[in-house]
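Trainee: Pasted the sequence and its predicted model underneath.
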Amino acid sequence: MNKNLEHFEKNKFMYLFFAMVVYFVIDSLIADQGILYVTHIFFTLLIFVSIYVLTDEKRSLITIAVTLGILVALVDWIGDFLNLFSIALFHALWFKVFCSIIFFAIVTYSSLVKTLSQKSINSNVLFGASCIYLLLGLLWAYIYALIYLFNPNSFAYSISHAPLVARDLLYFSFITLTTVGFGDIVPLTNTAQTVTFLEAVMGQLYLAILIGQLVGLYITQKKMLERFLALYNKRKK
């Protein structure tokens with residue numbers, strides 16, 4: 001059992017990465033089929049894996065994250081029931097989105113600090129860097145959702161008048177983060193436009209900083225290995 005926990009601890013970012021990827025895929029493929037409980041299951045799994053990433057943080061931060069994570073997961077599960085009561089659903093969405101922003105901001109910050117503080121490159125560092133990029137997209141999707149709840153005219157399809165759903169905002173977030181910008185969804189208000197270009201800038205800055213950090217780590221690691229081999233060969237002779 002201890003070996004399993006040790007393996008999970010060393011590869012926590014790998015599990016978080018796959019938890020996010022699977023959730024994104026399931027959310028896009030199954031939600032349209034009306035099997036929402038499957039999406040809820042994988043979202044709850046994502047929440048708990050995200051919490052486990054924080055296990056070596058301060059107790060107060062872990063307590064806040066666990067509380068927020070559980071509340072977000074609970075509201076996600078009871079959201080289907082609240083569809084019968086539009087007012088209750090509206091308030092529940094506000095609550096879920098607000099708590100999700102704080103929760104994923106904590107997870108993103110913790111992951112960023114852990115990844116950039118590493119002194120050598122390994123698989124966990126690479127998965128950590130990938131997780132942060134996905135977390136940024138997820139975090140910004142909830143920020144867009146908060147803006148959209150406050151003002152439904154903040155975003156719109158450029159080719160139709162259909163209302164946006166949560167999946168559309170997640171899609172828009174990653175399209176913006178990667179600066180692809182298809183233009184099928186556009187921000188209309190000043191707030192939405194500002195948050196959108198901030199995400200685009202954040203995505204570019206993160207990639208620049210990440211590449212610089214990883215290249216620096218690789219060069220340092222390579223030099224240390226070369227010195228070790230040179231010393232070893234010298235003593236051997």
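Mentor: All right, it came through fine.
Trainee: which ones are touching Phe17?
Mentor: Contacts for Phe17 (CB atoms under 8 Å, 6 or more residues apart in numbering) come out as Phe127, Ser130, Cys131, Leu134. All C-beta spots, glycine's among them, are computed from the backbone N, C-alpha and C.
Trainee: Now that we're looking at the last one, what pLDDT does it have?
Mentor: Predicted confidence (pLDDT) at Leu134: the value is 95.
Trainee: quick revisit: pick the one among the contacts of Phe17 closest to Asp27.
Mentor: Leu134 (13.1 Å; CB to CB).
Trainee: What's the local residue count around the closest one?
Mentor: Neighbour count for Leu134, taken as other CB atoms under 10 Å: 20.
Trainee: circling back: by neighbours, which of the contacts of Phe17 wins?
Mentor: Of the contacts of Phe17, with other CB under 10 Å as the count, Cys131 tops at 29 neighbours.
Trainee: show me the contacts for that residue.
Mentor: Phe13, Leu16, Phe17, Met20, Ser111.
Trainee: Now render these as a markdown table, adding pLDDT.
Mentor: A markdown table is the format used below for these (pLDDT from 0 to 100):
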| residue | pLDDT |
| --- | --- |
| Phe13 | 91 |
| Leu16 | 94 |
| Phe17 | 95 |
| Met20 | 95 |
| Ser111 | 91 |
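Trainee: quick one on the thing from earlier: for the contacts of Phe17, work out which two are farthest apart.
Mentor: Phe127 and Leu134 (10.4 Å).
Trainee: In contact with the most centrally placed residue in the chain: list those residues for me.
Mentor: Centrality entry for the chain: nearest residue to the mean C-alpha point is Leu135, 1.6 Å, by CA atoms, centre = their mean. Listed by CB under 8 Å, 6+ apart, the contact set of Leu135 reads Met20, Phe104, Val107, Thr108, Ser111.
Trainee: Let me know the helix or strand that it is in.
Mentor: helix 123-150 (DSSP states H and E).
Trainee: quick one: average confidence on the helix or strand just after that helix?
Mentor: For helix 123-150, the following helix or strand on the C-terminal side (DSSP H and E) is strand 155-157. Mean pLDDT, strand 155-157: 86.
Trainee: and if you look at stretch 48-57?
Mentor: Rounded mean pLDDT across stretch 48-57 is 88.
Trainee: ok, back up a step: would you mind listing the buried residues in the helix holding Leu135?
Mentor: Going by neighbour count (16 or more other CB atoms under 10 Å), the buried part of helix 123-150 is 124-125, 127-148.
Trainee: how many other residues sit next to Ile26?
Mentor: Neighbours of Ile26 using other CB under 10 Å come to 17.
Trainee: What sits closest to it if chain neighbours are left out?
Mentor: Computed as CB to CB, 6 or more residues apart in numbering, the closest residue to Ile26 that is not its neighbour in sequence is Phe42, at 4.9 Å.
Trainee: In a helix, that neighbour, correct?
Mentor: Yes: the assignment for Phe42 is a helix, going by DSSP: H, G, I helix; E, B strand; the rest coil.
Trainee: close enough to count as contact, it and Phe24?
Mentor: No: with contact defined as CB atoms under 8 Å, Phe42 does not reach Phe24; the gap is 9.2 Å.
Trainee: Kindly confirm my reading that Thr39 is in a helix.
Mentor: Yes: under three-state DSSP, Thr39 falls within a helix.
Trainee: what's near enough to touch it?
Mentor: Tyr23, Ile26, Asp27, Ile30, Ala31.
Trainee: quick one: it and Cys99, what's the gap?
Mentor: Thr39 sits 18 Å away from Cys99, going by CB to CB, to the nearest Å.
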